[in-house]
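A.B. asks: Need coordinates for the following:
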Amino acid sequence: MTLPMWLQSVLHAELNLLPMQATLLHLALALAVTLHALLTRRNVSATVAWIGLAWLAPVIGALLYLTLGINRIQRAGVALDLKAAWQREHDRAGGSMADVGSAAGPDAQCAPELAGINRLARQTTGNALLGGNAVTPLVDGDEAYPAMLAAIDGACRSVTLATYIFDLDEAGSTFADALVRARQRGVPVRVLVDAVGGRYSRTSMVAHLRARGVTAAAFLPPRFPGLLAYANLRNHRKIMVIDGAQGFTGGMNIRAGHWLARQPATPVRCLHFAVQGPVVADMQRAFAIDWAFSTGEALLGNTWFSSGDDCGPVLARGVSDGPDGDIDHMRQVMLGALACARRRVCIVTPYFLPEEVLLTTLEITALRGVAVDIVLPARSNLPLLDWAMRPQLGRLMRAGCRVHLSPSPFDHSKLFLVDDAWSLIGSTNWDARSLRLNFEYNLECHDAQLVQQLDTLVRQRIGQAQALDAAALERQPLASQLRDRLAGLLTPYL
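C.D. replies: Next up, the predicted model:
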């Protein structure tokens, strides 16, 4: 059947307009991304990267920015409402809950050489440096999991648990059983699992716990499930608090790979920490804000909080970080600690892609004569990150930093030690995702004995590691160098 001439003319005209319409759509979207990024983003390199992607990848670049580049989380109102509720409870209790609803108060007396970093961390976070804490390193799931499970089984008033990954495997099932037993004893239990991390297991732990009567929630389910593996704004924190008084935090998820004694198929080394003392209240506050944001429930009263009696020599401060009200807290504390370093800096991290200012500060720290040791896995679980790291490592080694590559199994530990008495422990990696896009929780600790314990662990890792040879790195084949450089261009998105 032949179309009428007038209809053929209309269709022909419409087809001729399609390229122009596509071009106008691309220009409109790219311009919208440019204006939004300029007005809302603070990091210059990331801003340039997103704008470039929007202009160079028609439509696709704008869609990626819409999906991954915009922070839609506004938790400030939730945090303010919860703090006001804590204050009202404090007033009703006649002041007996002063340490629960507020992070403010006088700083504990720190060593004179740490006065600078203490002042910076206080000004940045608003949190006081609290004395009287006990912090115990727990190596791998072999030490951490039995201690955490025993604490759950001993809970009398409450259990709160936030984690990025909570797999429904041998380790996760053991934790789930303990949480169910606590609930059956009448202990209130709250479990928060990141929506992306929770999908590492085929069966959702949140659904599994709910089916067994445990109150559980997922943090910020992504709008586009197909992009789960690359979604931003994740809750990467690992916090467990028992009866408001006993805490656990660090870098360890809940999955079978960390329980090395049980010979998992994919073993993963890591560090976690048992915490007691006044700083546990801050750990609980961090959990409570995330929980209220996710569920609307406010955790109030002595069920969830304890005054936190002095029980150890460690001065500690909670450092929350995230892409909303707490943005750049961790980065500022890291930069301040490097500026204060006089003798030695030790960094242990599974992923090392710091932004330019951190790289430059590390170079300057080494050039000042400070010994800088960086311990990384010889091979991580993300080859793209391994490639992107190499150009940065060559630059640091030329400035005098020493890079040590740990053999298998993959080391997921996170440590930052400065001189003889300062450490930063928790969930943060040295990459843009942790420092700009994820919600993280660390403890800043002032204590020489703790640093000595952690330094022993670092030296053990260095003793087992292979030093990276800067000359060998430069002698890589041209194809490998180009691959690494191209992967490095993706740093703002990694």
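A.B. asks: Give the buried residues for the helix or strand harbouring L358.
C.D. replies: Element membership for L358, per DSSP states H and E: helix 356-367. Of all the residues in helix 356-367, those buried under the rule 16 or more other CB atoms under 10 Å are L358, L359, T361, L362, E363, T365, A366. C-beta: built from backbone N, CA, C; applies to glycine.
A.B. asks: Make JSON lines out of those and add distance to G132 and pLDDT.
C.D. replies: Formatted as JSON lines, those follow (distance: CB to CB, whole Å; pLDDT from 0 to 100):
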{"residue": "L358", "distance to G132": "32", "pLDDT": "95"}
{"residue": "L359", "distance to G132": "37", "pLDDT": "94"}
{"residue": "T361", "distance to G132": "32", "pLDDT": "97"}
{"residue": "L362", "distance to G132": "33", "pLDDT": "97"}
{"residue": "E363", "distance to G132": "38", "pLDDT": "97"}
{"residue": "T365", "distance to G132": "31", "pLDDT": "98"}
{"residue": "A366", "distance to G132": "35", "pLDDT": "98"}
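A.B. asks: picking that back up, ok now the helix holding L358, how far from the chain's centre?
C.D. replies: Remark: helix 356-367 is offset 22 Å from the chain centroid, using CA atoms, centre = their mean, to the nearest Å.
A.B. asks: after it, next one along is what?
C.D. replies: strand 371-377.
A.B. asks: looking at the protein, which helix or strand is least sure?
C.D. replies: helix 76-92 (a mean of 64; mean pLDDT, DSSP states H and E).
A.B. asks: Tell me which helix or strand comes right after that one.
C.D. replies: Per DSSP H and E, the first helix or strand lying C-terminal to helix 76-92 is helix 115-125.
A.B. asks: how about that next one: buried residues?
C.D. replies: Quick answer for helix 115-125 (16+ other CB under 10 Å): I117, N118, L120, A121, R122, T124, T125.
A.B. asks: do the same with stretch 291-303
C.D. replies: W291, A292, F293, S294, T295, A298, L299, L300, G301, N302.
A.B. asks: in the stretch 101-250 of the chain, which spans are helices?
C.D. replies: 115-125, 140-153, 170-184, 205-211 (DSSP state H, counting those that start in this stretch).
A.B. asks: and the buried residues of stretch 291-303, which of them are in helices?
C.D. replies: W291, A292, F293, S294, T295 (DSSP state H).
A.B. asks: how far away is the closest residue to the last one other than its chain neighbours from P354?
C.D. replies: With CB to CB, 6 or more residues apart in numbering as the criterion, T295 has its nearest non-adjacent residue at 5.0 Å, and that residue is A217. Plainly put, A217 is 32 Å away from P354 if you go by CB to CB, to the nearest Å.
A.B. asks: can you check V135 too?
C.D. replies: 25 Å.
A.B. asks: neighbouring strands for the strand ranked longest in the chain, and are they parallel or not?
C.D. replies: Longest strand in the chain, counting residues (DSSP state E): strand 130-139. When pairing is defined by DSSP bridges, strand 130-139 lines up against strand 271-276 (antiparallel), strand 314-321 (antiparallel).
A.B. asks: With distance to A32 and pLDDT as extra columns, can I get the buried residues of helix 115-125 in a markdown table?
C.D. replies: Output for the buried residues of helix 115-125, formatted as a markdown table (distance: CB to CB, whole Å; pLDDT from 0 to 100):
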| residue | distance to A32 | pLDDT |
| --- | --- | --- |
| I117 | 41 | 96 |
| N118 | 44 | 96 |
| L120 | 38 | 96 |
| A121 | 38 | 96 |
| R122 | 40 | 95 |
| T124 | 33 | 94 |
| T125 | 35 | 93 |
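A.B. asks: Nearest to I242 among those?
C.D. replies: T125 (24.3 Å; CB to CB).
A.B. asks: okay but the closest one is in contact with G318, surely?
C.D. replies: Yes. When contacts are counted by CB atoms under 8 Å, T125 is listed as touching G318 (7.5 Å).
A.B. asks: that older thread, for A22, which of the helices of the stretch 101-250 of the chain is the nearest?
C.D. replies: helix 205-211 (42.0 Å).
A.B. asks: What residues sit buried inside the closest one?
C.D. replies: Buried, per 16+ other CB under 10 Å, within helix 205-211: M205, V206, H208, L209.
A.B. asks: likewise stretch 173-189?
C.D. replies: T174, F175, A176, A178, L179, V180, A182, R183, V187, V189.
A.B. asks: can you pull the contacts of the third one?
C.D. replies: So the one you mean is A176. Residues near A176 by CB atoms under 8 Å, 6 or more residues apart in numbering: L168, M205, H208, L209, R212, V214.
A.B. asks: So the third one is in contact with L168, correct?
C.D. replies: Yes. In this structure, H208 is within contact of L168 by CB under 8 Å, at 5.6 Å.
A.B. asks: Which segments of this structure make up each domain?
C.D. replies: Per automatic domain parsing, the structural domains of the chain span 16-69, 76-120+128-314, 329-489.
A.B. asks: Save those as TSV, and put in distance to P323 too.
C.D. replies: Shown next, in TSV, are those (distance: least, CB to CB, whole Å):
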stretch	distance to P323
domain 16-69	10
domain 76-120+128-314	6
domain 329-489	6
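A.B. asks: Would you single out the least confident of those domains?
C.D. replies: With a mean of 78, domain 16-69 has the lowest mean pLDDT of the domains of the chain.
A.B. asks: where's that domain relative to the chain centroid, distance-wise?
C.D. replies: Counting by CA atoms, centre = their mean, domain 16-69 comes out at 28 Å from the chain centroid.
A.B. asks: returning to what we had before: and the buried residues of helix 356-367, which is closest to T266?
C.D. replies: Nearest to T266 among the buried residues of helix 356-367, counting by CB to CB, is L358 at 30.0 Å.
A.B. asks: quick one, what contacts that closest one?
C.D. replies: Applying CB under 8 Å, 6+ apart, we find L358 in contact with R331, M334, L335, L338, W430, L435.
A.B. asks: can you confirm G488 is in a strand?
C.D. replies: No. Checked against DSSP: H, G, I helix; E, B strand; the rest coil, G488 lies outside a strand; its state is helix.
A.B. asks: From L384, how far off is it?
C.D. replies: In terms of CB to CB, G488 sits 10 Å off from L384.
A.B. asks: More neighbours: these two, which one.
C.D. replies: G488 (16 against 12; other CB atoms under 10 Å).
A.B. asks: What is the neighbour count of the closest residue in space to that one that isn't next to it in sequence?
C.D. replies: Closest residue to G488 apart from its sequence neighbours, by CB to CB, 6+ apart: A388 at 4.7 Å. By other CB under 10 Å, the residues close to A388 number 24.
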